[in-house]
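A.B. asks: generate coordinates for the sequence data below:
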Amino acid sequence: MLDVRKLVLLREVQARGSIAAAAEALNYTRSAVSQQLSTLEAETGAELLDRGRGRACLTAAGRMLVDHAERILVGLEAAESELAASSGRVSGELRVGVPFHEGPAMLVPALTRVRRAHPDLRIVLRGLPVGGTREAVRLGEIDLALAVRYDHVPDPPVAGLHEEPLVGDRVRLVVGPEGTAPGTHPDPGDRDPLPRTLAGYAGQPWVLTADSGLGALALHACAQAGFAPDVVARTSDPHAVLGLVSFGWGVSLMPDLVPDRPGCPVRRVALDGPELVRHLSLVVRSGHLDRPAVHAVITEVRHAVDELSEDAVVWRRAGERMS
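C.D. replies: Purely as a prediction, here's the structure:
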């Protein structure tokens, strides 16, 4: 019978890209990981790693075995979750990934209420960039995370994960606090001089990075409007974006549920045309969905979603679950 621990090692090599990186992630020595994988190859009678390219790449047999490992792990985790649920106690430790700079601010208060209601549960928060949340959950680095995706930005599903859809908020243009786009000089009698179409900002400097989902959405939307933005500052940190926009450095896009940065006022502009939407969900390994702690968090976050302002929300599914 295959050893699940060796299968996990193989999965880590695939995810990290090398035996050395997998060993570091698991706090093993490189030689120990290499030896265990050689043993797994001997047990299966198949070559699982291609070691001839300067780094360990999985063969077709290795990739197939990792796919099976994901399903095996989900089954084992589901068994553990069912055992935990049978006790009726919400206890243990839950590691939660939070994109602190991206919000929404509802998540931490909801987790605080869960902690108060269940004193035997220890919740540990870990700040994560939104682009890395799904992989961190898949590899077991955290148990639960807030994940983000944007319209028109491909985001393929990840094997072994369940996504609990929460809410979608509008993405609006943000400009400096003076009520004008950078470099414009409106008529003093014009109460609202800002363009209401994205094409109206084709000649403005922009603050964004293509490496983030929000930046990719901005590039897509600008292309649809017929121009490529003049990017004068590249950052995926929403607080940095809001600060630069507040100082008049450029314009950008920002989801409504990302709060304003204190001391850095901006103006949010609703654009004409198709709505741009950010989609928020909670991500957990499929086998952990019935863990009492996970169930408690999902329930409380649903309540928090119900309390969000209608002005910012495009959709909410607080009462539904998507497989």
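A.B. asks: can you map out the strands along this structure?
C.D. replies: For the chain, the strands defined by DSSP state E occupy 49-50, 57-58, 92-98, 121-127, 144-150, 161-175, 205-207, 230-233, 252-255, 267-269, 277-285, 313-316.
A.B. asks: quick one: low-confidence ranges for the stretch 201-323 of the chain?
C.D. replies: 318-323 (pLDDT under 70).
A.B. asks: these two touch, right, residue 298 and residue 162?
C.D. replies: No. If you go by Cβ atoms under 8 Å, residue 298 and residue 162 don't touch, sitting 10.1 Å apart. All C-beta atoms are positioned from the backbone trio N, CA, C, and that covers glycine.
A.B. asks: identify the contacts common to these two.
C.D. replies: Common neighbours of residue 298 and residue 162, using Cβ atoms under 8 Å, 6 or more residues apart in numbering, do not exist here.
A.B. asks: do you know how far the residue lying closest to residue 69 once chain neighbours are set aside is from residue 106?
C.D. replies: Distances taken as Cβ to Cβ, 6 or more residues apart in numbering put residue 7 closest to residue 69, at 3.9 Å, once the chain neighbours are dropped. Applying Cβ to Cβ, to the nearest Å, one obtains 37 Å for the distance of residue 7 from residue 106.
A.B. asks: the two - which one has more neighbours?
C.D. replies: The residue with more neighbours, out of residue 7 and residue 106, is residue 106; 21 against 18, by other Cβ atoms under 10 Å.
A.B. asks: which residues touch the more buried one?
C.D. replies: 257, 301, 304-305, 307-308.
A.B. asks: what's the spacing between the closest residue to residue 159 other than its chain neighbours and residue 143?
C.D. replies: Nearest-residue entry for residue 159: residue 70, 4.8 Å, with adjacent residues in sequence omitted and distances by Cβ to Cβ, 6+ apart. Distance from residue 70 to residue 143, counting by Cβ to Cβ: 16 Å.
A.B. asks: equivalent analysis for residue 116, please.
C.D. replies: Where residue 143 is concerned, residue 116 sits at a distance of 19 Å (Cβ to Cβ).
A.B. asks: alright, that wraps it up for me.
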